[in-house]
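Enquirer: Need a 3D model of the sequence below.
(one chain, ligands or ions: 2)
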Amino acid sequence: MTDQIIINWAVLGPGRIAETFVNDLLHSKDKLRPEVNSGKIKHQLIAVASHSSLENAERFKKESIHEESNDLIKCYGNYDEVLNNPKVDIVYIATVNSTHFSICYQALQHNKNVLMEKPFTVNHKQAEILTALAKKKNLFLMEAYWTRYNPVYQDVYKYLFTDNRTGDESSIGDIKRIVTDLSYVFDEADPQMNRIYNPALGGGVLLDIGIYALYWVLGFIGKPGRKLAFPQINASAALADTGVDISTAAVLKFENGKLGVSSCSGYFTNEARRVLINGTKGSVEVDDSCRPNEYWIYDDNHKLVIHKAYTYDGKGMFFETDHVALCLAKGLKESPLHTMDDALLMSNVLDTIREQINNRYPDNIESTDIA
Ligand SMILES: NC(=O)C1=CN([C@@H]2O[C@H](COP(=O)(O)OP(=O)(O)OC[C@H]3O[C@@H](n4cnc5c(N)ncnc54)[C@H](OP(=O)(O)O)[C@@H]3O)[C@@H](O)[C@H]2O)C=CC1
Ligand SMILES: O=C1OC[C@@H](O)[C@H](O)[C@H]1O
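Expert: Ligands and ions are numbered 1, 2, ... in the order given. Next up is the predicted model:
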């Protein structure tokens with residue numbers, strides 16, 4: 001096949017999300033992956049690197065990846081060797097939050113395209129440095145906000161902004177309010193929750209899950225062609241004993257009376273995940289702000305206009321990986337759906353909220369120094 005797009009991936013940080021990502025990348029045969037199923041896109045994982053030990057990378061390869069895709073994968077006990085491997089087209093950085101800035105910086109310095117797990121960085125200054133570096137080096141850089149490529153998000157976005165509508169004249173009228181939440185139970189006694197509770201790893205629910213809830217607000221208020229001023233923000237949080245936020249709420253007040261009401265918590269179960277978009281001529285409900293499956297669109301009399309539910313094979317991270325492949329094939333340096341400016345706006349909002357709720361990380365985590 002002449003026009004086949006082959007993408008050689010490397011994974012840095014063989015932890016839990018890397019396992020999900022790789023399995024979606026390589027194994028999902030979902031019908032919603034037409035380019036992969038037709039052979040137009042071929043994803044190959046060629047490197048897995050652990051900063052702790054070679055054994056860690058090898059264990060990941062053995063235990064987390066189906067055997068039939070193992071042949072190409074080389075394991076490394078450090079990140080540098082992967083960054084020096086010219087065969088790698090893009091690195092997926094799936095390490096703990098506190099390391100995002102320095103590892104991404106190194107990857108860009110080594111002229112690698114990067115898909116950076118969320119949160120992009122722990123603060124806005126770091127985000128500015130990375131986006132400037134990617135632009136200077138003409139490299140692709142994208143925050144892995146995977147919900148953006150999910151068909152529910154895409155459908156709702158297309159429906160609201162069809163025919164070049166802007167945020168003030170969507171198909172449900174002027175979007176005046178968006179209410180979002182994302183919550184899970186994060187048990188402090190569970191060792192796997194260390195990265196959530198540990199300030200030295202960039203912990204707290206805001207940067208872990210609050211992001212998903214907030215992205216609906218930032219994505220739908222004033223979009224497309226964002227022309228709204230930075231919102232006035234009022235936030236409040238309950239902090240864990242370690243000092244990181246464990247239950248957080250923020251109200252974002254934009255111009256023209258538009259409100260975003262967004263919360264996240266480590267105390268609750270699955271019910272607390274919905275998205276509600278209120279316009280002057282209708283509304284939208286989505287079942288889950290992180291991994292949505294289903295949405296409902298209502299008219300101004302709350303009469304149901306559209307209801308659609310999707311099921312898909314895997315976690316749904318492949319929507320993002322296939323989008324990245326298409327961007328790379330087109331020579332794009334950022335995703336048109338989730339731009340570097342979008343990541344910058346989010347980091348600015350997160351800084352503002354963190355300052356108000358008093359979740360400050362150790363200086364070395366907040367630093368922009370490169371070791
Ligand atoms: N998109 C999504 O749905 C999700 C995204 N995430 C994001 O992915 C990232 C990783 O989360 P998760 O996979 O749950 O975390 P894990 O703790 O499972 O794994 C993180 C990996 O980071 C690496 N690492 C690098 N430096 C350090 C360090 N100094 N201390 C500890 N670990 C380090 C480790 O690999 P090694 O040492 O072997 O290199 C480790 O395996 C986070 O930023 C999180 O926000 C998480 C869950 C879901
Ligand atoms: O990104 C994420 O989404 C799902 C959550 O379980 C996880 O903690 C978070 O990092």
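Enquirer: gap between residue 56 and ligand 1?
Expert: 4 Å (CB to the nearest ligand atom, to the nearest Å). Backbone N, C-alpha and C define where each C-beta goes, glycine included.
Enquirer: swap in residue 113?
Expert: Residue 113 is 18 Å from ligand 1, by CB to the nearest ligand atom.
Enquirer: Quick check, that residue in contact with residue 328.
Expert: Yes - counting by CB atoms under 8 Å, residue 113 does reach residue 328; the two are 6.7 Å apart.
Enquirer: ok, these two, which is more surrounded?
Expert: Each of residue 113 and residue 328 has its neighbours counted (other CB atoms under 10 Å); residue 113 has more, 21 against 18.
Enquirer: can you pull the contacts of the more buried one?
Expert: Applying CB atoms under 8 Å, 6 or more residues apart in numbering to residue 113 gives the contacts 89, 90, 91, 139, 140, 141, 328.
Enquirer: Look at the residue in the stretch 151-300 of the chain positioned nearest to ligand 2 and report its pLDDT.
Expert: The stretch 151-300 of the chain approaches ligand 2 most closely through residue 208 (4.7 Å), counting by CB to the nearest ligand atom. Listed pLDDT for residue 208 reads 98.
Enquirer: check contacts around it.
Expert: Residue 208 neighbours (CB under 8 Å, 6+ apart): 97, 119, 196, 264.
Enquirer: Among those, which pair sits farthest apart?
Expert: 97 and 264 (14.8 Å; CB to CB).
Enquirer: Who has more neighbours out of the two?
Expert: Remark: of residue 97 and residue 264, residue 264 carries more neighbours, 32 against 23, as counted by other CB under 10 Å.
Enquirer: Quick check: neighbours of whichever strand or helix holds that one in the sheet, parallel or antiparallel?
Expert: Secondary structure from DSSP states H and E places residue 264 in strand 258-265. Applying DSSP bridges, strand 258-265 is found paired with strand 175-183 (parallel), strand 245-254 (antiparallel).
Enquirer: So is that strand next to ligand 2?
Expert: No - counting by CB under 6 Å from any ligand atom, ligand 2 is not contacted by strand 258-265; separation bottoms out at 10.2 Å.
Enquirer: what comes into contact with that strand?
Expert: 167, 174-183, 205-206, 208-210, 212-214, 216-218, 221-222, 228, 231, 246-254, 272.
Enquirer: okay, and the common contacts of residue 113 and residue 328?
Expert: 89, 90, 140.
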